[in-house]
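> Output the structure for:
(one chain, ligands or ions: 1)
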Amino acid sequence: MSDPINLVHHHYPLELRYDPRKGRGVYARDAIPRNTCIEVSPILHFRHDEYDAHGKHTVLDHYTYRWKDGFALALGLGSMFNHSKHPNVGFVRDMEQGVIRYITLEAIDKDCELCISYGSHLWFPTTEEESESEESHSEEDDGPWWTAIELDDDNDDSSDDSNDSNHDDDESKTAKKQQAQ
Ligand SMILES: C[S@@+](CC[C@H](N)C(=O)[O-])C[C@H]1O[C@@H](n2cnc3c(N)ncnc32)[C@H](O)[C@@H]1O
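As a prediction, this is how the structure comes out:
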């Protein structure tokens with residue numbers, strides 16, 4: 001499990017590496033420019049009723065994204081991105097095509113981990129440098145508990161500040177998980 005898995009057939013120089021605290025994660029074997037679509041993951045869709053009856057009681061619940069009429073498991077690398085409160089990758093859910101596109105929000109250095117944001121309501125202890133201000137999931141939370149920063153649909157590159165395309169407010173947050181639907 002600890003040897004890197006070189007994704008030789010992937011268009012971009014990506015690799016899966018294992019971290020003892022976070023598990024598997026996606027890393028860059030070489031530099032990748034900002035605003036690069038590094039992954040298009042097809043999704044597997046679960047209706048609300050089948051997810052409530054089955055999926056949410058399994059390990060799937062750590063991986064699925066909220067989706068129209070239910071939840072979605074990202075196939076491909078989409079389920080392998082770990083969380084950071086300073087994500088260097090954003091994502092766009094394309095409900096029509098049934099895919100999630102992952103796009104770099106900044107220039108990525110060689111050996112850097114590629115992370116998305118799950119939002120602030122996390123269900124696991126985060127790595128030390130992130131733990132200071134992260135909130136842990138609590139039973140009192142009634143909002144989405146796995147939210148993620150989502151890029152603008154048009155993937156606008158007009159701003160120099162990568163965070164501009166990446167809003168962490170209630171309207172633009174995409175709930176990957178939610179308790180009260
Ligand atoms: C979508 S999976 C990501 C891939 C996962 N690391 C694996 O090996 O399958 C989400 C899980 O990864 C772990 N994880 C993700 N980001 C983390 C972080 N910043 N610190 C600690 N664990 C993290 C948590 O266990 C979480 O439930």
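> Low-confidence ranges, this structure, go.
1, 128-181 (pLDDT under 70).
> Closest residue of it to the ligand?
residue 23 (2.8 Å; C-beta to the nearest ligand atom). The C-beta positions use only the backbone N, C-alpha and C, and glycine is treated the same way.
> what's the distance between that residue and residue 82?
To residue 82, residue 23 is 8 Å away according to C-beta to C-beta, to the nearest Å.
> Who has more neighbours out of these two?
Legend: neighbour count by other C-beta atoms under 10 Å for residue 23 and residue 82, higher for residue 82 (19 against 13).
> Who does the more buried one form a beta bridge with?
The partner list for residue 82 in beta bridges (DSSP bridges) reads residue 115.
> The nearest residue to residue 109 once chain neighbours are set aside: how many residues sit nearby?
Once flanking residues are discounted, residue 109 sits nearest to residue 31: 5.9 Å by C-beta to C-beta, 6 or more residues apart in numbering. Number of residues near residue 31 (other C-beta under 10 Å) recorded here: 12.
> Close to the ligand: what parts of this structure are there?
Within the chain, the positions near the ligand by C-beta under 6 Å from any ligand atom are 21-25, 62-63, 79-80, 82-83, 124, 126-127, 130.
> Show the buried residues in those residues.
Among the residues of the chain next to the ligand, those classed as buried by 16 or more other C-beta atoms under 10 Å are 22, 25, 63, 79-80, 82-83, 126.
> Show me which pair in those is furthest apart.
Across these, the longest distance by C-beta to C-beta is 18.1 Å; it joins 79 and 126.
> Where do the helices of this structure begin and end?
Along the chain, the segments classed as helices by DSSP state H run 48-53, 128-131.
> surely the residue nearest to residue 109 meets residue 104?
No: with contact defined as C-beta atoms under 8 Å, residue 31 does not count as touching residue 104 (10.4 Å).
> Alpha carbons only: can I get stretch 58-69 in PDB?
Extracted in PDB, the C-alpha atoms of stretch 58-69 (Å, rounded to 0.1, in the frame of the first residue of the first chain):
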ATOM      1  CA  THR A  58     -21.200   1.700   4.100                       C
ATOM      2  CA  VAL A  59     -17.800   3.100   3.300                       C
ATOM      3  CA  LEU A  60     -19.400   4.700   0.300                       C
ATOM      4  CA  ASP A  61     -20.500   7.400   2.600                       C
ATOM      5  CA  HIS A  62     -16.900   8.800   2.800                       C
ATOM      6  CA  TYR A  63     -16.700   9.100  -0.900                       C
ATOM      7  CA  THR A  64     -20.000  10.200  -2.400                       C
ATOM      8  CA  TYR A  65     -21.000  13.600  -3.700                       C
ATOM      9  CA  ARG A  66     -24.500  15.100  -3.500                       C
ATOM     10  CA  TRP A  67     -26.100  14.800  -6.900                       C
ATOM     11  CA  LYS A  68     -29.400  15.500  -8.600                       C
ATOM     12  CA  ASP A  69     -32.000  13.100  -7.100                       C
END
